[in-house]
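Undergrad: Okay, predicted coordinates and the sequence, questions at the end:
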Amino acid sequence: MDVKSVLRTSFILFCMLSRSVVAAPAVAPAYTISDQPSPTRLSQASRKSFQRDLSGLYSIQSWKNNNIAQPYDDFTTLYQASTQAQVELAHLMRSISLVSSTEALVPAVKSMARAQHKIETELNGQPNKITDIARASLVANDVSSLVQSFELLSKEATIVGVKNRFKKPTASGYRDLNVLVELPQSKIIAEVQLHLKDISDVKNGKEHDIYEQIQKIERLALHQKRPLTEFEEKKIKKLRQESLHLYQAAWQQYLQPNSIAV
């Protein structure tokens, strides 16, 4: 083959390849910028989700079974069973915390001395009426996780009482869900508290100091067998207002739009 033939063949192949490239259909991109949800749409979706969670929290009713009783009437037997039930409760709390991304706090059981004192002073000497020998807490970072924890708890154990202090806080402004559950295996009734982290931090920090100051003032007056002075009453009132402000500020953090993920 001469040089001219080689050049002519090369030129024809080049033209054919060029036409193939031009004619090849463009591959559609997996997504475009316009396909991505806008910050506004994300914000609206987050707000709706938050409102749903908040409504769910407020819809939890406070109630208590009138016939709550532990399966044992003898205090020693009940205390031993509750100590064993604490292990069952700990396992349940950790299982729920893994699913709901909350923190499980499982302390030791209530001391025997404190349990006996409560039975004698608050429960008319009836051991089967004490419900917080076995106890634990779940601490959530947001309302959604807290509501999810409550829902999981209601599926894994029998709820026999609820005190919704998010809906109706204490006089100090403290909020939580206080739940009584009957554990599925031991049948022991235990107390589970569901907290929001910022509120829990106040309770275990500054508010605890305030509580101790109030207790000190009241105990002094009681020890001296006299009523509170006007100065002491004003001091206690100021401390309680400070406590209320701390709790309200902590709760407000969960209600601010800026705390909703965008």
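TA: Received, thanks. Residues are numbered from 1 along each chain as shown.
Undergrad: any idea which element the nearest residue to residue 134 once chain neighbours are set aside lies in?
TA: Nearest residue to residue 134, sequence neighbours excluded (C-beta to C-beta, 6 or more residues apart in numbering): residue 190, at 3.9 Å. Yep, even glycine has a C-beta here, placed from its N, CA and C like the rest. For residue 190, the element it lies in under DSSP states H and E is strand 189-196.
Undergrad: How far away from the center of its chain is that strand?
TA: Centroid displacement of strand 189-196 relative to its chain, using C-alpha atoms, centre = their mean, to the nearest Å, is 10 Å.
Undergrad: so what does that strand touch, helix or strand wise?
TA: Here strand 189-196 touches helix 75-100, strand 135-140, helix 143-156, strand 177-182, going by 3 or more C-beta pairs under 8 Å, 6 or more residues apart in numbering; DSSP states H and E.
Undergrad: Turn these into a markdown table, including mean neighbour count and mean pLDDT.
TA: Shown next, in a markdown table, are those (neighbours: other C-beta atoms under 10 Å; pLDDT from 0 to 100):
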| stretch | mean neighbour count | mean pLDDT |
| --- | --- | --- |
| helix 75-100 | 18 | 98 |
| strand 135-140 | 22 | 98 |
| helix 143-156 | 19 | 97 |
| strand 177-182 | 21 | 98 |
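Undergrad: Keeping just the C-alphas, turn stretch 149-168 into CSV.
TA: What follows is stretch 149-168, C-alpha atoms only, in CSV (Å, rounded to 0.1, in the frame of the first residue of the first chain):
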residue,chain,number,x,y,z
SER,A,149,-37.5,6.4,74.2
PHE,A,150,-40.9,6.5,75.8
GLU,A,151,-42.5,4.7,72.9
LEU,A,152,-39.8,1.9,73.1
LEU,A,153,-40.3,1.7,76.8
SER,A,154,-44.0,1.2,76.4
LYS,A,155,-43.4,-1.7,74.0
GLU,A,156,-40.8,-3.5,76.1
ALA,A,157,-42.5,-3.1,79.5
THR,A,158,-45.9,-2.6,81.0
ILE,A,159,-46.4,1.1,82.0
VAL,A,160,-48.5,1.4,85.1
GLY,A,161,-48.1,5.1,85.8
VAL,A,162,-46.9,8.3,84.0
LYS,A,163,-46.2,11.8,85.3
ASN,A,164,-45.7,14.2,82.4
ARG,A,165,-43.8,17.2,83.9
PHE,A,166,-43.1,18.6,80.4
LYS,A,167,-46.8,19.3,80.1
LYS,A,168,-47.1,20.4,83.8
